[in-house]
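Student: Here is a sequence with its predicted model. Questions after.
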Amino acid sequence: MRVDEKLALDAFRTCKESHIKINHEICRTRCKIKYCLFVCPGHLYTLNEENNEIVVEFAGCLECGTCKIACSEGAIEWQYPNGEYGVQYRFG
Amino acid sequence: MEKIDVVIVGGGLSGLACAYKLAEKDLQVIVLERGDFPGSKNVTGGRLYLEPIKSLIGDMLDDAPLERKVVRERWSLMGENNSLNIDFTGNRFRNTGHSYTVLRANLDRWLSERIMEKGVFVIPMKRVDDLIWEDNAVAGIKSGEEEIPANVVVAADGVLSFMAEKAGLRQKMKPRNYALGIKEIIELSEEKINDRFNVEKKEGCAHLFIGDVTKGMFGGGFLYTNQDTISLGIVIGIKALMEKASTIEAHTLMDNFKDRYEIKRLIEGGKLLEYSAHVIPEGGYNNLAKLYGNGILVTGDAAGFALNMGVTVRGMEFAIASGIIAAETILMAKEKGDYSAQTLSKYETRLKDTFVLKDMFSCKDMPDFLDNDAFFTFYPKYFPHFVEKIMWFGDQPKEKIGQTLWKELKASGMLSFKRLKELYNMKNI
């Protein structure tokens, strides 16, 4: 099963505004490895090669915070989604 | 605006345990939870050890929705294409309620309802954004436009604790002090679980895997049996994951794990119900947050109270114990009418008298000890390899078993000075 199919099993309530903000300038100029592309358990980060910009599908965020910890350049500004929004675990 | 006694940020086990204890006295307490209900943002492996907290919790968990009593402990050393297991069970584990598997969305929700019956306000869907300060002391919280002034704030907001950070009690999070846990909940009938894991009704199994499941990275796999589901997952150190970046995507480790012959048979026919992830504190005693400040206490994962002991991982009983001791400290502070750091420092003093800081302290060298690829590559590779060599009967006459073992031990480097020193150093952990 693909990871996006796994995420589709979870209950989410999506906010219009992303709780993850990326400073693209830092990504372009300072970050070589782009850890976010590899560490996210939801595989939500991709690199748009046309404009060399990191894109995050925040709607599928499992709210673990791994990307925030692994972003050694500090390009990811991460907060919890506002109450009412985000993933709602039914088992946990 | 008049101050209430206590605001607890986070309706997980430490926050709820704190509220439970405070509810025994006539205090104004509010628990703020950002999820739809307490437990809806929580993830555990997981199992809860009850014995260490028995004397602290009183009747708090009587009739709690626990899944299965763990009576079977398993560990597997996973080579690339073979594995070696240890399988333990004992009457002592069967006859006492030693540890139980749990699901947090059930357990935390149940506990929050129990607490509300005692008159505590548990308010869901409320994210806390900031602290209120007053003369260098925390004096409440801000949530959106709303302010709730309080004598004490309990930062029970989990491993990423924004509250402890804002209060200046926790350093920036370093990748080496945290691990990523990924978990799947797989539905399987009660009877199938009993049969496949060789346990009776309501009895369960806890199984840890080390080695090839993480491709040699710090971490391992886990499997816990719940009543009619299985919690299956992997844990990987974030630093290790970063070092392997560009070759391994975290989520693929879970699929590889499930594809292993050893796992496939256990979950066959099971239906995936939920996919979750959570960060786990792995820094141990030397990387705890500062536990108190003027008007604030830090509990549970927020403080870093989680313990990887190699053979098992613990956290929830630390969360519960710290929540209760935080409550006792607050009750004492209320009597004195003083919520300064000096008074609240009794929290740490008390914790030092309990298993919370005692166990954390005695395992303080564990993170450095485990930061050694021998445990994640060398041993899991060679132990199953030795067994394979001994147990294989080929078309040639069989060499003496002792001779085979000796030859393989020598060839593997198991008898080298480095490995023997490692063995010797084990006495320190």
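Tutor: Happy to help now that I have it.
Student: Test my guess that B:Pro367 contacts B:Glu282.
Tutor: Yes. With contact defined as C-beta atoms under 8 Å, B:Pro367 reaches B:Glu282; the gap is 6.2 Å. The C-beta positions use only the backbone N, C-alpha and C, and glycine is treated the same way.
Student: Give me the common contacts of these two.
Tutor: Common neighbours of B:Pro367 and B:Glu282, using C-beta atoms under 8 Å, 6 or more residues apart in numbering or on different chains, are B:Asn177, B:Asn308.
Student: what's the following helix or strand after the lengthiest helix in chain B?
Tutor: The longest helix of chain B (DSSP state H) is helix B:316-336. Next helix or strand after helix B:316-336 toward the C-terminus (DSSP states H and E): helix B:341-344.
Student: Please save the CA atoms from stretch A:19-26 in CSV.
Tutor: Below are the C-alpha coordinates for stretch A:19-26, written out as CSV (Å, rounded to 0.1, in the frame of the first residue of the first chain):
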residue,chain,number,x,y,z
HIS,A,19,0.7,25.2,9.9
ILE,A,20,4.0,24.6,8.2
LYS,A,21,5.8,27.6,6.7
ILE,A,22,8.9,27.2,4.6
ASN,A,23,11.5,29.8,4.1
HIS,A,24,12.4,29.0,0.5
GLU,A,25,15.3,31.4,0.5
ILE,A,26,17.0,29.3,3.1
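Student: picking that back up, if you look at the longest helix of chain B, does any of it touch chain A?
Tutor: No. Using C-beta under 8 Å from any C-beta of the partner chain, we find that helix B:316-336 stays clear of chain A, coming within 11.7 Å at best.
Student: Where do the helices of chain A begin and end?
Tutor: Taking DSSP H, the helices of chain A run over residues A:3-7, A:24-29, A:36-39, A:66-70.
Student: now do the stretch 1-150 of chain B
Tutor: Counting by DSSP state H, counting those that start in this stretch, the stretch 1-150 of chain B has helices at residues B:13-22, B:54-57, B:91-95, B:104-117.
Student: Can you name the residues in contact with the second one?
Tutor: What that stands for is helix B:54-57. Outside helix B:54-57, the residues that touch it by C-beta under 8 Å, 6+ apart are B:Ala17, B:Ile320, B:Ala321, B:Ile324, B:Ile325, B:Thr354.
Student: Return the member of the residues you listed nearest to chain A.
Tutor: Ranked by distance to chain A (C-beta to the nearest C-beta), those are led by B:Ile320 at 16.0 Å.
Student: Need the nearest residue in space to the closest one, chain neighbours excluded.
Tutor: Nearest in space to B:Ile320, with sequence neighbours left out and distances taken as C-beta to C-beta, 6 or more residues apart in numbering or on different chains, is B:Ala17 at 4.4 Å.
Student: number of nearby residues for the one you found?
Tutor: Neighbours of B:Ala17 under the rule other C-beta atoms under 10 Å in any protein chain shown: 31.
Student: What distance do you get for it to B:Asp130?
Tutor: To B:Asp130, B:Ala17 is 25 Å away according to C-beta to C-beta, to the nearest Å.
Student: So for B:Pro367 and B:Glu282, which residue has more residues nearby?
Tutor: Neighbour comparison, B:Pro367 and B:Glu282: the larger count goes to B:Glu282, with 25 against 20 (by other C-beta under 10 Å).
Student: Next, find the distance separating the more buried one from B:Gly97.
Tutor: 28 Å.
Student: need the contacts of helix B:54-57 in CSV with pLDDT, can you?
Tutor: Below are the contacts of helix B:54-57 laid out as CSV (pLDDT from 0 to 100):
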residue, pLDDT
B:Ala17, 98
B:Ile320, 98
B:Ala321, 98
B:Ile324, 98
B:Ile325, 98
B:Thr354, 97
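Student: contacting residues around B:Met254?
Tutor: So B:Met254 contacts A:Pro41, B:Ile182, B:Glu184, B:Gly233, B:Ile234 (C-beta under 8 Å, 6+ apart).
Student: Secondary structure element holding the second one?
Tutor: Secondary structure assignment for B:Ile182, by DSSP H and E: strand B:178-187.
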